[in-house]
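[1] fold the following.
(one chain, ligands or ions: 2)
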Amino acid sequence: MATVVSFINFKGGVGKTTLCVEIAASLAHKFNEKVLIIDLDPQTNATLSLMSESDWEEHSLSKGTLFNFFESCYNNQQFDLQNIIVESPVEYKGTLQSLDLIPSHIKLFGMDLRLATKLGHENLKAKLFLKKAIEALQNQYTYIFIDCPPNLYLGTQNGLFASDDYLIVALAEYLSTLGIAHITNSVNSIFSDAMKLLHDIGSSESSLKKPSLTGIIFNRLRTIHSGTYSQENVIRMVTSDYPEYVFDSKIPQSDKIAARAEQKVPIAVSGYAVDRQYEDRIAEAAKEFYDRLTRPSNEGA
Ligand SMILES: Nc1ncnc2c1ncn2[C@@H]1O[C@H](COP(=O)(O)OP(=O)(O)OP(=O)(O)O)[C@@H](O)[C@H]1O
Ligand SMILES: [Mg+2]
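    Ligands and ions are numbered 1, 2, ... in the order given. From the prediction side, this is the model:
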C-alpha cells in the first residue's frame, strides 16, 4: 500500500513543487522506491519540470491529464487514473524507471468553482474524488506525492482527503510562523467538519482519516548548514511551537534550480556536478522523510 503525502502551504512560491519533485526523485533514485507524483496544480509546474511541453501536449491530447479526471467526476462518469499516468518521464543516463507522473493541465483553473457550483461547497463527495480514484493505484507505488496549489479550495481538499500525511514546506520568514498555524488549524477543521457531516447524515463511511503532519521543512536557507541570523530565529520559533515536527534537514538556496527545471532532470538524480550540496541535502531530507513516516509515533498534529 502506498503512503500518500500532500505537499502544502497556502502561501505561493515557497518551494512545494520543487521539493515534491526533488524528494520524489531522490527516493526513486537513491532509495529505489516506486513513486508517483500527482500534479494537482493548474500551474503545471511539477509536470513541466519533469517533461517537455511537446511531450505534455501530446500526452494530454492522446491520453489526458488530471483535468480530464475531474471533468469526468463533474459529469458523473467513470475515469481510470491509470490511463493518464506518464511512466518514467525523467531521462538521465537511461530513464528513471521508478518515478511516474500524473500530469496537470492549465484548464484545471476554474474546476474548483465548477465543482462547487454544481455540487455545493460542503459536498463531501466532491472532496473525495481523488481519494476514491487513487485506491486502484495503491499497490503499484510505495509513495504517492501530491503537489498541491497554494490555496485550500476543492482541489487541495481532494489532495488532503486522499492523503495519509501532509508535509508543510516553508520559508524561514516571520510570516511563515503565522502561516503554519493557519495550515494545521485549517486541516483540522476541514476534517472535523467532514466527520460532523458524516455523523449528521448517519453515514457509515469509515475510511476518512485526518492526514498526519509528517513535518515542516524549511527551504532556501542562505548559509551552508543552516540559515542567516534572522532565518535561524524563525526556525527556532517554529521549532519551539512544533518541537517534534521541524525537519533536521534544511534545504539550501541553490542557483541551479531554474536550469534543472529547463533540463527536466531533478538535481537529486543529475549527479554531483550540478549542485552537490543541494543534492546531498535533498538525500538527507528524503531519508528523514522516510524515517518520520515509519516512526511509530507518527500520529499527527
Ligand atoms: N532551494 C531553492 N533555491 C533557489 N530557488 C528555489 C529553491 N526552491 C525553490 N526555488 C525557486 O522558487 C520558486 C518557487 O518554487 P516552487 O515553484 O517550487 O514553489 P511553490 O511553493 O510550488 O509555488 P506555487 O505556490 O506557485 O505552486 C521557483 O522559481 C523555484 O525555482
Ligand atoms: Mg507549486
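[2] so which bits of the helix or strand of the chain with the lowest mean pLDDT are buried?
    Ranking every helix and strand in the chain by mean pLDDT, DSSP states H and E puts helix 257-263 at the bottom, with a mean of 83. Neighbour-count burial for helix 257-263 flags 257, 260-261 (criterion: 16 or more other C-beta atoms under 10 Å). No exception for glycine: its C-beta is placed from N, CA and C like everyone else's.
[3] identify, from the residues you listed, the entry nearest to G155.
    Proximity of those to G155 (C-beta to C-beta) peaks at A261, which lies at 21.9 Å.
[4] for that closest one, which non-adjacent residue is closest in space?
    Leaving aside its sequence neighbours, A261 sits nearest to S49 (C-beta to C-beta, 6 or more residues apart in numbering; 4.2 Å).
[5] which strands and helices sit next to the helix or strand hosting that neighbour?
    Per DSSP states H and E, S49 falls inside helix 45-50. Packing contacts for helix 45-50, counted by 3 or more C-beta pairs under 8 Å, 6 or more residues apart in numbering; DSSP states H and E, involve helix 16-30, strand 35-39, strand 99-102, helix 257-263.
[6] show me what the shortest one is packed against.
    With contacts defined as 3+ C-beta pairs under 8 Å, 6+ apart, the secondary structure elements packing on strand 99-102 are helix 16-30, strand 35-39, helix 45-50.
[7] nearest to ligand 1, of these?
    Ligand 1 lies closest to helix 16-30 among the helices and strands packed on strand 99-102, at 3.3 Å (C-beta to the nearest ligand atom).
[8] angle of the closest one against strand 35-39?
    Interaxial angle, helix 16-30 versus strand 35-39 (axes from the mean of the first three to the mean of the last three C-alpha atoms, to 10 degrees): 160 degrees.
[9] for helix 16-30, list every residue counted as buried.
    Of the residues in helix 16-30, those buried (16+ other C-beta under 10 Å) are 16-29.
[10] how about that helix and ligand 1, any contact?
    Yes - against ligand 1, helix 16-30 shows contacts by C-beta under 6 Å from any ligand atom at 16-18.
[11] and stretch 41-53, by the same measure?
    Yes - Stretch 41-53 lies within reach of ligand 1 by C-beta under 6 Å from any ligand atom, at 41, 43, 45.
[12] looks to me like the second one is in a helix.
    No - assessed with DSSP: H, G, I helix; E, B strand; the rest coil, Q43 is coil; it does not lie in a helix.
[13] can you count the residues close to it?
    17 (other C-beta atoms under 10 Å).
[14] OK, contacts around it?
    Contact partners of Q43, counting by C-beta atoms under 8 Å, 6 or more residues apart in numbering, are 104, 106, 149.
[15] so what pLDDT did S60 get?
    For S60, the model assigns a pLDDT of 97.
[16] so that it lines up with my notes, have the first residue be 42 from now on.
    With the count now opening at 42, the last piece we talked about shows up as S101.
[17] state the number of residues packed around it.
    Using other C-beta under 10 Å, S101 is surrounded by 21 other residues.
[18] tell me where the model's unsure across the stretch 242-342 of the chain.
    For the stretch 242-342 of the chain, applying pLDDT under 70 flags the ranges 245-247, 265-268, 313-314, 337-342.
[19] can you tell me which residues in it are near ligand 1?
    Contact residues (C-beta under 6 Å from any ligand atom) of the stretch 242-342 of the chain with ligand 1: 260-261, 292, 294-295, 298-299.
[20] how about 8 Å then?
    260-261, 292-296, 298-299, 302, 319 (C-beta under 8 Å from any ligand atom).
[21] of all the residues you listed, which two lie farthest apart?
    Among those, the pair separated by the greatest distance (C-beta to C-beta) is P293 and A302, at 17.1 Å.
[22] residues touching the nearest residue to N199 once chain neighbours are set aside, list them.
    Nearest residue to N199 in three dimensions, chain neighbours excluded: L171, at 4.1 Å (C-beta to C-beta, 6+ apart). Residues near L171 by C-beta under 8 Å, 6+ apart: 79, 81, 187, 199-200, 202-203.
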